[in-house]
Each structure stands twice: as structure tokens, then as C-alpha cells.
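>>> Take this sequence and fold it.
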Amino acid sequence: QVQLVESGGGLVQAGGSLRLSCVASGRTFSSYAMGWFRQAPGKEREFVSAINWSGGSSDYAESVKGRFTISRANAKNTVFLQMDSLKPEDTAVYYCARRRGWYGVMSASPDEYDSWGQGTQVTVSS
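Model (predicted):
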């Protein structure tokens, strides 16, 4: 089972930026699509962004489109989420996840992901 470890969360003022990282264990990272999700207190986990296995395609939730950028460095088993122009409503625990199945297409459904990190807290103050 792959292990995913997120980092980079913290407290930032509205309009600021953060860059999240997620490092995966194992040697097959480049064969999987990856995703970022978030969960705010009292709310369900929601899709943020996804990237295909090569990094050539990406997808975003409407609420973050134009502000967040997903990328990956397969040689380093790492996926990133650059978050700019942060808003208080972006406050949540952010999770990275591995898409089920080799070379699977990107998905916004949490049910299509079989491995999850422990999460990193992002707090945006107004």
C-alpha cells in the first residue's frame, strides 16, 4: 500500500499563497493519476484538483479554477498544489490521493481514489 505524506499547510492572510506538497512511497508513482481534495469542518470532502499520470492534463473545481495550479514531479514522487489568491472559504484540511488503477483517467469522485494522505491544515484569515 502506498503512503502519501502532505506538507506545506499553514495560516495565511486572504490574498496570500501556499504551496502544498505530497510525497508518495514506492516506485510506481508515475503510473497513477493523483488528486487533491479538501474538507472543511461540518462539510463533506470535496474535489479540488486532479492531474493525470504524465502531468499533461489537469482538472479543477470551479471554485479554485484560475487560482490553484496542480503539478507533479514524477522523478521525485511528488505532486504539488500551488494555491494563490487564497480566500477564507479555502480554509480546510487538504488531502492528496492516488487514483485507483494504473493510468486511470482523472476523476473528481473520492470513490475513485484508493490511497489517501493524513491531510494538512490550511487556514486563511480575513
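>>> Run a quick neighbour tally on the residue nearest to residue 36 when sequence neighbours are not counted.
Of all residues not flanking residue 36 in the chain, residue 48 sits nearest, at 4.3 Å (C-beta to C-beta, 6 or more residues apart in numbering). C-betas here are computed from N, CA, C, even on glycine. By other C-beta atoms under 10 Å, the residues close to residue 48 number 25.
>>> Hmm, residue 48 is touching residue 97, no?
No: the criterion here is C-beta atoms under 8 Å, and residue 48 misses it with residue 97 at 10.3 Å.
>>> Okay, now the unreliable bits of this structure?
Along the chain, segments meeting pLDDT under 70 are nowhere present.
>>> Pick out the residue nearest the middle of the chain.
residue 36 (2.3 Å; C-alpha atoms, centre = their mean).
>>> follow-up on the earlier one: how about the helix or strand where the residue nearest to residue 36 lies as PDB, C-alpha atoms only?
Per DSSP states H and E, residue 48 falls inside strand 46-51. C-alpha atoms of strand 46-51 as PDB (Å, rounded to 0.1, in the frame of the first residue of the first chain):
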ATOM      1  CA  GLU A  46     -14.800  17.900  -1.900                       C
ATOM      2  CA  PHE A  47     -12.700  17.700  -5.000                       C
ATOM      3  CA  VAL A  48     -10.100  20.400  -5.600                       C
ATOM      4  CA  SER A  49      -7.900  19.300  -8.500                       C
ATOM      5  CA  ALA A  50      -6.500  16.300 -10.300                       C
ATOM      6  CA  ILE A  51      -3.700  15.500 -12.600                       C
END
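>>> contacts for stretch 56-67?
Residues from elsewhere that reach stretch 56-67 (C-beta atoms under 8 Å, 6 or more residues apart in numbering): 46-52, 68, 70, 83-86, 89-90, 106, 108.
>>> List the contacts of the spatially most distant residue from the centre of the chain.
When distances are taken from the C-alpha mean of the chain, residue 126 lies farthest, 22.9 Å away, according to C-alpha atoms, centre = their mean. By C-beta under 8 Å, 6+ apart, the contact set of residue 126 is 14, 88.
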